[in-house]
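**Student:** predicted structure and sequence below. I'll ask about it afterward.
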Amino acid sequence: MEKLIKDAPLEDVLEMRREVMYPAFSIGQVRLKDDEEGNHQGLYVDDNLIAVISVFVRNNIMQFRKFATKEAFQGKGYGTELLEYVMKLAKDRHCNSIWCNARVNAKKFYEKFGMQVTGDTWVQDGYEFIKMVKQL
């Protein structure tokens with residue numbers, strides 16, 4: 001089994017977002033207005049894309065968005081590996097902090113990486129979110 005994290009084509013990232021996060025949505029509905037400015041990373045196993053994450057750096061602050069792992073591969077450490085890669089990427093790019101808008105049900109996962117809740121929760125697209133940040 002060969003694992004590799006590398007840039008992923010936006011079209012593949014959009015399809016994974018739709019499949020894993022918002023199956024009732026169209027590809028257009030899962031596209032972010034600033035996707036063209038982002039860096040889209042994928043974790044591949046034997047050349048099959050199984051997890052994606054999109055990162056955006058502004059003013060030495062990295063935001064990651066639309067972090068998704070195919071259901072059959074969840075709970076096996078692939079998401080952890082991809083997020084560890086992104087945390088290292090943020091440090092390598094001399095970012096001061098990294099943040100995300102996390103689904104509340106994933107809060108404990110992000111806390112394992114040293115991320116902390118900031119602000120109040122809100123509901124969007126039927127999911128409850130909370131902002132989480134880690135200072136680097």
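**Tutor:** Happy to help now that I have it. Numbering: from 1, shown residues only.

**Student:** count the residues that sit near E111.
**Tutor:** Per other Cβ atoms under 10 Å, the neighbour tally for E111 reads 14. The way it works is simple: take the backbone N, C-alpha and C, and place the C-beta from them, glycine included.

**Student:** contacting residues for it?
**Tutor:** M132 (Cβ atoms under 8 Å, 6 or more residues apart in numbering).

**Student:** which other helices and strands does the longest helix along the chain contact?
**Tutor:** Once the chain is assigned using DSSP state H, the helix that runs over the most residues is helix 78-92. Where contact means 3 or more Cβ pairs under 8 Å, 6 or more residues apart in numbering; DSSP states H and E, helix 78-92 is packed against strand 3-7, strand 39-45, strand 48-58, strand 61-69, strand 97-103.

**Student:** got those strands as JSON lines, with mean pLDDT and distance to K88 columns?
**Tutor:** Putting those into JSON lines (pLDDT from 0 to 100; distance: least, Cβ to Cβ, whole Å) gives the following:
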{"stretch": "strand 3-7", "mean pLDDT": "97", "distance to K88": "10"}
{"stretch": "strand 39-45", "mean pLDDT": "98", "distance to K88": "11"}
{"stretch": "strand 48-58", "mean pLDDT": "97", "distance to K88": "12"}
{"stretch": "strand 61-69", "mean pLDDT": "97", "distance to K88": "11"}
{"stretch": "strand 97-103", "mean pLDDT": "97", "distance to K88": "10"}
